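Participant: please work out how this folds:
(chains A and B)
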Amino acid sequence: MPKIELTRNPFIKNTLKSRPPQLAVFIVMLVGYIFAILAGLLGTPVGSHNFSIVFVWIAWWGILILVAVPFFGRGWCAVCPIPLPGEWLQRGAVLSPPDKRPKWLNLRWPKALRNIWLQNISFLLLALFSSVLLTTPNITGIVLAAMLFAAIGLSTVFERRSFCRYLCPVGGFIGLCSQTAPIELRIKDKQVCVTCDGKPCYNGSQSGYGCPWDVFPGGLTKNTHCGLCMECIRTCPHDNIAINLRPFSDDLAKPSRRIDEAFKAFIILGSAMIYAGVLLGPWGTLKDATYNVGTSTWFMYVIIFLAMIFVILPGFFALGILQTKSILPLKQRFASLTNSLIPLGLMFWVAFSLSFVLTNASYILAALSDPLGLGWNLFGTASAAWQPMLTSILAPMQILALVGGLIWSARTAQKAANEARTSSIPVIVYCFIVTLVMLWLLV
Amino acid sequence: MKRSEILSRILITAAIVGAFGTPLYFWSRTPLIHARMAEDGGWSPDVIQANVGEPLHLNLTSDDVVHGFAVGQMDMQSVDVLPGKVTDLTLTFDKPGIYTFFCTRWCGLNHWRMRGTIEVNGSSSTPEPASVPLYVTLGLDIDAPHDAPSIPSVQPSTISGQVLATNLPIEQSSDYYRKNSPYQVFDELSNTSLTEPQRWDVVAYIWQSNTTKESLTNGGQLYAQNCAACHGENGAGDGVFADDLAAAGESSMQTMAGAEDRMMQTPVDFTDPTRMLGASPVLLQGKILRGGMGTGMPMWGSIFTEEQIWDLIAYLYSFQFEYHQ
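Facilitator: Predicted coordinates for the structure are as follows:
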């Protein structure tokens, strides 16, 4: 399927280039985010009736996993409010071009940390406390506030969006999965970039800011680190930036060989399986262990969780790969072939999220009318009863997602194996086995 | 600075102030009474001020499970307090005093600890002094054992007792009934020609004649709502919280120096004839009024009216006597 350049459409192009529409969305998102923090801290401690829990962990997460990531990649990052106050502070401006002299320290991010290991760690940290985080409004409020302040703090010390690029717990997840999305931001003609004077897309100009994500668009081959902020569309003096519609998982045809990203794939895969067991499974003892943070049973859970992600899942994967032959060294082969797990990992999350989003979506109506649990009835829906949705087709949808993910990953594995000149069979067998486990856990 | 930049800054500032200010404003203007399981703090606040004759508006919400709200010694239907929801309630007090409000749902092991007070002030009349309970007037030691030395071999029959009592000079006044235990009456009947089973039949009849169907029904409802959680639906001391109460007592109260006699205990078994036939209605009234002093039995004096307590006592004896009314 050929790529379709969406920015050929004048309306789309002008809307993306114009700042006011983006600013309007930013303001709405920021207000919602601040409201979620306050709802978490001031509102009812009953999670199912608190805006912070219902809108962050049911509505936002549902939209993120079921719509935003699969279809728009880093589409959420394009409207995420977390980096905004820090970025405005860093630039000393909202719309105007920045001063030539930086207002803050403006340091480069340390070279040793220019990877997604910190994002892997921050994701795992949240994952290990997830049972408490997902059900306790004040903890959610504190975590949301902490992320906002962390982003502001990092913006005053380091250049660009260091928080988004290197620390955001969800950023690494979205970035890796965005490679599967059917949308991309790319340059139209490489030669234009090569000869471009001053590289304003990276360094900024009077038309806009240098790439906040520390990416040179001229070298973009993957969605992983492009936050779709649209600054380069504004700054490119040659109209050389395009938003394209493309085949799904186009980026995975040339797999990454980074080990931090390889382990992110196992985090995505493993955490979906563990969450399915903990949050949807029938094991009360396991549930209790995840809730009772700091107890010996919780530490056992932590050990099992980390062992699953860092030892068991990669261990079996490596064992499978050892059976194959390739011109690539094992480490590179390992990293390269783990890219095949990304579609399956995403579909694991889709299947898992379908379950709790459809089960709990009806809470959204009540929380909309009474977001803090103060007895309001803003839209007349405060008394809306809890009612699981689409229960009859939930299991078929989950099976479809898992089987679809398996086929998608198998095809990706074939392409990655061709690239590495090795066999895809161990990867496909591995995907088949973990899919069976996930099917058992979910359905 | 460009006009668009100034406008955008104003807009952002206004949005942020609004996002912070709106929930803070409404939150500060909506005082709620929070219900949490007693282990997590119970009612908050647990002391509420009110004035005689002025409506008291309460907004109740639960922070955990379903609770209930009722005010003791007041003619009101209890209301449910649901997690994350707000229940509105308006009360008007026509007498000053300190009223006890309490949870009416079996919310957890320490459900009975979920209590608070409403201090009703502002009346020109002085509060009515509380009457002295009968067990105090009689000097009855309600903590001492009052076991019956002997018990019937079969359940006493009120029908048989009614026939036998016809020709006996028996005192049947409520005062007599309240001050004596079934065993004491059984013992007093020893100077008659009746056999032991017949004497127990007569005792059963006397107890029946001192209650009514309405009283038993009311007592049964009070028992089911307030007592059965610990004492069991059938009075056998095996309610849903019984084992947990005993375990909690062993793990906590027993460690207190000299507290072994007063530690939390397994709830009393009302089907045990030795215990129940040795207890007079006044003794039971005292225990219900005052509570078990550290045994886990709550104090009900501030919640039940005197009539409700007598109804409840009548119902408790139905675990020993089969009434035919």
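Participant: report pLDDT for the closest residue to chain B within the stretch 301-443 of chain A.
Facilitator: Nearest to chain B in the stretch 301-443 of chain A, going by CB to the nearest CB, is residue A:375, at a distance of 3.0 Å. Placement of C-beta: from N, CA and C, glycine included. On the pLDDT scale, residue A:375 is placed at 92.
Participant: can you check the one 10 residues further on too?
Facilitator: Looking at residue A:385, its pLDDT reads 88.
Participant: so it makes contact with residue A:365?
Facilitator: No: Residue A:385 is beyond contact range of residue A:365, at 9.3 Å (criterion: CB atoms under 8 Å).
Participant: who's more crowded, the two?
Facilitator: Taking neighbours as other CB atoms under 10 Å in any protein chain shown, residue A:385 and residue A:365 compare with residue A:365 leading, 18 against 7.
Participant: separation between that one and residue A:382?
Facilitator: 8 Å (CB to CB, to the nearest Å).
Participant: check residue A:284 too.
Facilitator: 32 Å.
Participant: of the two, who's got more company?
Facilitator: residue A:382 (20 against 8).
Participant: residue in the stretch 201-350 of chain A with the shortest distance to chain B?
Facilitator: Closest point on the stretch 201-350 of chain A to chain B, by CB to the nearest CB, is residue A:206, at 11.9 Å.
Participant: for the stretch 1-150 of chain A, what lies in contact range of chain B?
Facilitator: Contacts of the stretch 1-150 of chain A with chain B, taken as CB under 8 Å from any CB of the partner chain, map to A:20, A:23, A:27, A:30-31, A:34-35, A:38-39, A:42-46, A:48-50, A:88, A:93-96.
Participant: please spell out the PyMOL selection for the buried subset of these.
Facilitator: Buried members of these, defined by 16 or more other CB atoms under 10 Å in any protein chain shown, are picked up in PyMOL with:
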select buried, chain A and resi 23+27+30+31+34+35+38+39+42+43+44+45+46+48+49+50+88+93+94+95+96
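Participant: what about the residues of the stretch 1-150 of chain A next to chain B, which are in helices?
Facilitator: Residues of the residues of the stretch 1-150 of chain A next to chain B located in helices (DSSP state H): A:20, A:23, A:27, A:30, A:31, A:34, A:35, A:38, A:39, A:42, A:88.
Participant: max pairwise distance over the residues you listed: which two?
Facilitator: Greatest spatial distance in these: A:20 and A:42, 32.1 Å, computed using CB to CB.
Participant: for residue A:432, give me its contacts.
Facilitator: residue A:406 (CB atoms under 8 Å, 6 or more residues apart in numbering or on different chains).
Participant: and the helix or strand where it lies, average pLDDT?
Facilitator: Assigned by DSSP states H and E, residue A:432 belongs to helix A:425-442. Mean pLDDT, helix A:425-442: 96.
Participant: next, the nearest residue to residue A:198 once chain neighbours are set aside: phi, psi?
Facilitator: Once flanking residues are discounted, residue A:198 sits nearest to residue A:205: 7.3 Å by CB to CB, 6 or more residues apart in numbering or on different chains. Residue A:205 has phi and psi values of phi -160, psi -170 when expressed as degrees, to the nearest 10.
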